[in-house]
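Student: sequence unknown, structure follows:
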């Protein structure tokens, strides 16, 4: 009944997401596929033995990542956004959605930053695992230097498992006819690298992928409003690490700054319904109630006209 109520409310508001499962979606020439929706450490997270997802596989979630698929041509081309610790499971999902004769190969990997959930999966391309050859890794200058100057990542370059492509803020990388990816800098903890989101443009539609940011207000101060970014695209995958500010009892949450989902919904409350429907919350910490399919917070998100990213969903570009 809760799901039915959310759907009816969504239809009345005219704010339903244009998203379905892979099996339900007509084949798109170019599409995005959601491969993971959790914060860096996934769900369940290490050191949390009471999480029911240890015993219920249906509640498990992989670290946040999306794939870009171009089916035009004889063989599909595939690009990953972030290389997570769950990359082997995510490549398996990608291979089912877009099979290739080289199941451990992708045409490129775009890295947002140097926090573990976003680059640690690169190790699986190494000779101890996939033994990949010449996978292109797109990264910003500091991120590229971090990989090149630190093991075990540097060994991937030495063995030609990967090779680097240095990106610049605001400069588009053309991947194929009508497909490009443009990085944009965002304020977030930068211990080892810059932090970026990506504008992903397809032949017909576009998306932003922004799994980590300190706050929308800090970005305002730098001259960029998230509302403008949302308005310019068809889909916006946005940081939803925490639903509220009380999820980590005993820890100073100012040390792990993120815009809470509650705050984001309050800030976006006056947006038109069709703009709200572009928002897909992603990168949810294991404590985030949005992981629970029966949580009232999920219904709240949908009643307010927003969406929650789901693994296996595909979006036509």
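Tutor: Yep, it's here. Treat the numbers as computed from the prediction; the structure is a model and nothing was measured. Residues are numbered from 1 along each chain as shown.
Student: For residue 30, grab phi and psi.
Tutor: Per-residue torsions, residue 30: phi -130, psi 130 (degrees, to the nearest 10).
Student: residue ranges of the helices in the chain, please?
Tutor: 2-13, 87-97, 116-119, 141-149, 153-158, 216-221, 226-231, 261-267, 273-276, 296-303 (DSSP state H).
Student: count of neighbours near the residue nearest to residue 142 when sequence neighbours are not counted?
Tutor: In space, residue 142 comes closest to residue 193 once its chain neighbours are excluded; the distance is 4.5 Å by CB to CB, 6 or more residues apart in numbering. All C-beta spots, glycine's among them, are computed from the backbone N, C-alpha and C. By other CB atoms under 10 Å, 23 other residues sit near residue 193.
Student: For residue 81, give me its contacts.
Tutor: 65, 66, 67, 68, 109, 110, 112, 198, 200, 209 (CB atoms under 8 Å, 6 or more residues apart in numbering).
Student: er, residue 90 actually
Tutor: Residue 90 neighbours (CB under 8 Å, 6+ apart): 35, 36, 62, 65, 67, 80, 84, 121.
Student: In contact with residue 103: list those residues for me.
Tutor: Listed by CB under 8 Å, 6+ apart, the contact set of residue 103 reads 91, 95.
Student: JSON lines please, covering the helices of the chain and showing distance to residue 310 and mean pLDDT.
Tutor: Conversion of the helices of the chain to JSON lines gives the following (distance: least, CB to CB, whole Å; pLDDT from 0 to 100):
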{"stretch": "helix 2-13", "distance to residue 310": "13", "mean pLDDT": "38"}
{"stretch": "helix 87-97", "distance to residue 310": "13", "mean pLDDT": "96"}
{"stretch": "helix 116-119", "distance to residue 310": "18", "mean pLDDT": "93"}
{"stretch": "helix 141-149", "distance to residue 310": "28", "mean pLDDT": "96"}
{"stretch": "helix 153-158", "distance to residue 310": "31", "mean pLDDT": "96"}
{"stretch": "helix 216-221", "distance to residue 310": "23", "mean pLDDT": "91"}
{"stretch": "helix 226-231", "distance to residue 310": "19", "mean pLDDT": "96"}
{"stretch": "helix 261-267", "distance to residue 310": "15", "mean pLDDT": "95"}
{"stretch": "helix 273-276", "distance to residue 310": "17", "mean pLDDT": "97"}
{"stretch": "helix 296-303", "distance to residue 310": "11", "mean pLDDT": "96"}
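Student: Out of these, which one sits most buried?
Tutor: Compared across the helices of the chain, helix 116-119 shows the largest average neighbour count, a mean of 22 (mean count of other CB atoms under 10 Å).
Student: related to what we said a few turns ago, who wins for most neighbours among the contacts of residue 90?
Tutor: The most neighbours of any of these, using other CB under 10 Å, belong to residue 65, which has 32 neighbours.
Student: quick one on the thing from earlier: compare the helices of the chain and report which one is nearest to residue 313.
Tutor: helix 87-97 (10.8 Å; CB to CB).
Student: From the chain's centroid, how far away is that closest one?
Tutor: 15 Å (CA atoms, centre = their mean, to the nearest Å).
Student: Now, the contacts of residue 81 that are in strands?
Tutor: Those of the contacts of residue 81 mapping onto strands are 65, 66, 67, 68, 109, 110, 198, 200, 209, per DSSP state E.
Student: quick one: which of those residues is nearest residue 126?
Tutor: For the ones in strands among the contacts of residue 81, the closest approach to residue 126 (CB to CB) belongs to residue 109, at 13.5 Å.
Student: Distance-wise, check the closest one relative to residue 261.
Tutor: Distance, residue 109 to residue 261, by CB to CB, to the nearest Å: 28 Å.
Student: now residue 162
Tutor: Distance from residue 162 to residue 261, by CB to CB: 34 Å.
Student: Same check on residue 128?
Tutor: Counting by CB to CB - residue 128 and residue 261 are separated by 38 Å.
Student: Repeat that for residue 280.
Tutor: 12 Å.
Student: same deal with residue 119?
Tutor: For residue 119, the distance to residue 261 - CB to CB - is 25 Å.
Student: cool, residue 40 as well?
Tutor: 17 Å.
Student: for the stretch 151-300 of the chain, what are the low-confidence residue spans?
Tutor: 247-256 (pLDDT under 70).
Student: Fine by me, we can end here.
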